[in-house]
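Peer 1: pasting the sequence and the predicted coordinates here, then a few questions.
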Amino acid sequence: MNTPTNIATIETLQSGPLEEGGWLANKRVFIRVDFNVPLDKSSGAITDDSRIQAALPTIEFAIKAGAKVIVASHLGRPKGKRDDKLSLEVCGARLAELTGLEVHVPEDCIGDAPKKVIHDLRVASPGSQIRGGPQICLLENLRFHPEEKQDDEAFARSLGVLCDVYVNDAFGAMHRAHTSVHALPMLKADRGAGFLVQKELQALSKLVEAPGKPYLAVLGGVKVTDKIEVIEALFGRCDTICIGGAMANTFLAAQGHDMQKSLVEEDKLALARTLIDKARDAGVDLLLPTDVVVGEGLEATSAQTVGVAAVPTGTMALDIGPATIERFAKALSGAKTVFWNGPMGLFESEPFARGTVEVALAMGKASGFTVVGGGDSAAAVRQAGSEVAAAFDHISTGGGASLQFVEGKRLPGIEALRHRTLDDDRR
Ligand code: ADP
Ligand code: MG
């Protein structure tokens, strides 16, 4: 399987430069993963291990190939110094459960401690059963060192001496020019993408390189501010844009509607007007809500559907209404490519979840190529049920990374994996 971006994969690395096969055997393979899992505030236990599960195919592939596997990640925001609450020990224990293998977590990610663990790691003999024998080294939290976030060459070299081959399978971190994502792979001639990153690149590339038309984007969520760049990029690429969620309130207010207590970004009204004009000039069909579901506040337990011109005094628009759902669903049914980011309402609260769930259902039924990106949006799709989630062509594991990719921006982690020659670097 080739990625569309001239990047080697863990499988091409395994076949080796001479295609002799089994090339990863006994090599020290550094796998950058995203084990930045949510932890329970009081017990410190992992509340959702899907990020660990997502990295298993790549880790198990390297183990089966007989490699010495070194797994590395950041967890939380330890501010550049050791914080026992953010130790990767808890992820190591879960990784051991999931793989049935022994996992060693040295006390630091660089220096003598990991060097010794890696030196002593037992590997699988290729082709044999992987349960029991081989061991994994999971490095301690990369962000215990401030240099991780500084794309620091010296820190990259300290990590680099631990490994022969670099594999990135942390799609959620690809948009950050951090040492383990950017400086480190640039030091390694043998570098490539893991299975998760490959899957992400294959799906998301279809949104950027010649997407099937009509291309429809559904945008929602809280803030216009966070997403201005992706909104502007999509206004230049899509045929239809549906806007819901709190984001729609700013657009509706820009059109002169009194949104009462709804979340509206007053300082973005002018921008919203510019985008409305831009859509009209570019012939983009911009669909805003015609009706909304209102409540008295974020804690409201009762809901009322009203037209956007008649939001009652003292209420907030917390979801899109049924007429809007129908309009969005109709647009979705004719689209060839669909990208969705941002829930249509306060979906965490039952009375205001319907817009998001119905849009997810409509997207699941749509015959076009459907992709959802964004942490809360992906959670909303999963909340709508496993059947709905399965009907999507791709649910991205990267929030910020998927948005930047869809904007057409280059991601530092991807650039660092590309094959370059000296001449490329001189250009
Ligand atoms: P993502 O993580 O998918 O990028 P965002 O973080 O931008 O999405 O937005 C998700 C949040 O937006 C959710 O917590 C949801 O409750 C909230 N939200 C959506 N619509 C509204 C609304 N009309 N009023 C208040 N909050 C909203
Ligand atoms: Mg979010």
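Peer 2: Nice, I can see it. Residues are numbered from 1 along each chain as shown. Ligands and ions are numbered 1, 2, ... in the order given.
Peer 1: contacting residues for Ala72?
Peer 2: Residues in contact with Ala72 (Cβ atoms under 8 Å, 6 or more residues apart in numbering) are Phe30, Ile31, Arg32, Val33, Cys109, Leu138, Leu139, Leu142, Leu159, Ser180. The C-beta positions use only the backbone N, C-alpha and C, and glycine is treated the same way.
Peer 1: which among these end up buried?
Peer 2: Among the contacts of Ala72, the ones that count as buried by 16 or more other Cβ atoms under 10 Å are Phe30, Ile31, Arg32, Val33, Cys109, Leu138, Leu139, Leu142, Leu159, Ser180.
Peer 1: tally of neighbours for the closest residue to ligand 2 within the stretch 101-250 of the chain?
Peer 2: Using Cβ to the ion, the closest approach of the stretch 101-250 of the chain to ligand 2 is made by Gly221 at 6.5 Å. Number of residues near Gly221 (other Cβ atoms under 10 Å) recorded here: 20.
Peer 1: and if you look at Ala156?
Peer 2: Ala156 is flanked by 20 other residues according to other Cβ under 10 Å.
Peer 1: can you list contacts of the helix or strand it falls within?
Peer 2: Assigning secondary structure by DSSP states H and E places Ala156 in helix 153-160. Identification of contacts with helix 153-160 by Cβ under 8 Å, 6+ apart yields 30, 72, 109-111, 145, 147-148, 179-180, 183-184, 186-188.
Peer 1: OK, contacts around Asn26?
Peer 2: Asn26 sits in contact with Gly66, Ala67, Lys68, Val123, where contact means Cβ under 8 Å, 6+ apart.
Peer 1: swap in 7 Å and give it another go.
Peer 2: By Cβ atoms under 7 Å, 6 or more residues apart in numbering, Asn26 lies in contact with Gly66, Lys68, Val123.
Peer 1: what are the phi and psi angles of the nearest residue to Gly321 once chain neighbours are set aside?
Peer 2: Closest residue in space to Gly321, ignoring its immediate chain neighbours: Asp291 at 3.0 Å, by Cβ to Cβ, 6 or more residues apart in numbering. Here the main-chain torsion angles of Asp291 (degrees, to the nearest 10) amount to phi -140, psi 150.
Peer 1: likewise Gly297?
Peer 2: Dihedral pair for Gly297: phi 180, psi -180, per degrees, to the nearest 10.
Peer 1: show me the buried ones among the contacts of Ala72 that map onto strands.
Peer 2: Phe30, Ile31, Arg32, Leu138 (DSSP state E).
Peer 1: can you redo those as JSON lines with pLDDT and distance to Pro312?
Peer 2: Output for these, formatted as JSON lines (pLDDT from 0 to 100; distance: Cβ to Cβ, whole Å):
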{"residue": "Phe30", "pLDDT": "98", "distance to Pro312": "58"}
{"residue": "Ile31", "pLDDT": "98", "distance to Pro312": "55"}
{"residue": "Arg32", "pLDDT": "98", "distance to Pro312": "51"}
{"residue": "Leu138", "pLDDT": "98", "distance to Pro312": "54"}
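Peer 1: all strands of the stretch 301-427 of the chain, in order?
Peer 2: Ranges of strands in the stretch 301-427 of the chain, per DSSP state E, counting those that start in this stretch, are 304-307, 316-320, 337-341, 369-372, 394-395.
Peer 1: what sits against the closest residue to ligand 1 within the stretch 101-250 of the chain?
Peer 2: Ligand 1 sits closest to Gly221 of the stretch 101-250 of the chain, with a gap of 2.4 Å, by Cβ to the nearest ligand atom. For Gly221, the contact set (Cβ under 7 Å, 6+ apart) comprises Gly245, Ala246, Met247, Asn341, Gly342, Pro343, Gly374, Asp376.
Peer 1: run the last query once more with 6 Å
Peer 2: Taking Cβ atoms under 6 Å, 6 or more residues apart in numbering, we find Gly221 in contact with Gly245, Met247, Gly342, Pro343.
Peer 1: farthest-apart pair in these, please.
Peer 2: Met247 and Pro343 (9.9 Å; Cβ to Cβ).
Peer 1: joint contacts of the two?
Peer 2: Common neighbours of Met247 and Pro343, using Cβ under 6 Å, 6+ apart, are Gly220, Gly221.
Peer 1: okay, now Asp151: neighbour count?
Peer 2: Neighbour count for Asp151, taken as other Cβ under 10 Å: 20.
Peer 1: for it, what are its contacts?
Peer 2: Asp151 neighbours (Cβ under 6 Å, 6+ apart): Ala177, Thr179, His182, Ala183.
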